[in-house]
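Asker: need coordinates for the below:
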Amino acid sequence: TAWYFSLVGTVYDGAARAARDWLLAFLTGRKPAALGGAALATVPIVQESMGRIEMLLASNDWLLRTHADAIDAGTAPAELSAVVKHNVVDNAIQAVDMALELAGNHGIARHNPLERHHRNVQCARIHAPSNSLLRTMAARRALGL
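Answerer: Prediction:
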């Protein structure tokens, strides 16, 4: 179960990283006339949002690596796997949603990969076990039910 949860989280983290990579190229290459020829990447609010994406993906990296190390060492608590899957998936969805918001209409154009990455990461919401089920199971454990 632990490796399965890690695998599921890693798949969706990968989709989020691919979305981030596309977004980086878009933000540095897109130079609207309204900015006087400067790239979108020079806009402070764009930088702040990009920073949020980077924080989410850095958290995913830490969770997945630390979890894998704990599994290998035999020290991973049983509940940790569900927590890792839950948080990695949520972070991936948030990161891609932010990327889509930054890209605007360009992000949903069929010829841009971000559209596919966004669609792919949405599958995490229904990938068993769903995060709502994981939260219910955590609540039941905490409540002694």
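Asker: just give the nearest non-adjacent residue to residue 114, would you?
Answerer: Spatial nearest neighbour of residue 114, chain neighbours left out: residue 107 (4.4 Å); criterion: C-beta to C-beta, 6 or more residues apart in numbering. No exception for glycine: its C-beta is placed from N, CA and C like everyone else's.
Asker: next one: the one you found from residue 117, what distance?
Answerer: Distance of residue 107 to residue 117, computed by C-beta to C-beta, to the nearest Å: 9 Å.
Asker: likewise residue 86?
Answerer: From residue 86 to residue 117 the distance is 20 Å (C-beta to C-beta).
Asker: okay, these two: which has more neighbours?
Answerer: Neighbours around residue 86 and residue 117, counted as other C-beta atoms under 10 Å, are more numerous at residue 117. The numbers are 26 against 21.
Asker: these two touch, right, the more buried one and residue 13?
Answerer: No: Residue 117 is not in contact with residue 13 according to C-beta atoms under 8 Å; the separation is 11.6 Å.
Asker: name the helices or strands packed onto whichever strand or helix holds residue 11?
Answerer: Using DSSP states H and E, the element containing residue 11 is helix 2-29. Using 3 or more C-beta pairs under 8 Å, 6 or more residues apart in numbering; DSSP states H and E, the elements in contact with helix 2-29 are helix 44-73, helix 80-103, helix 113-122.
Asker: for the shortest one, buried residues please.
Answerer: When neighbours are counted by 16 or more other C-beta atoms under 10 Å, the buried residues of helix 113-122 are found to be 113-115, 117-118, 120-121.
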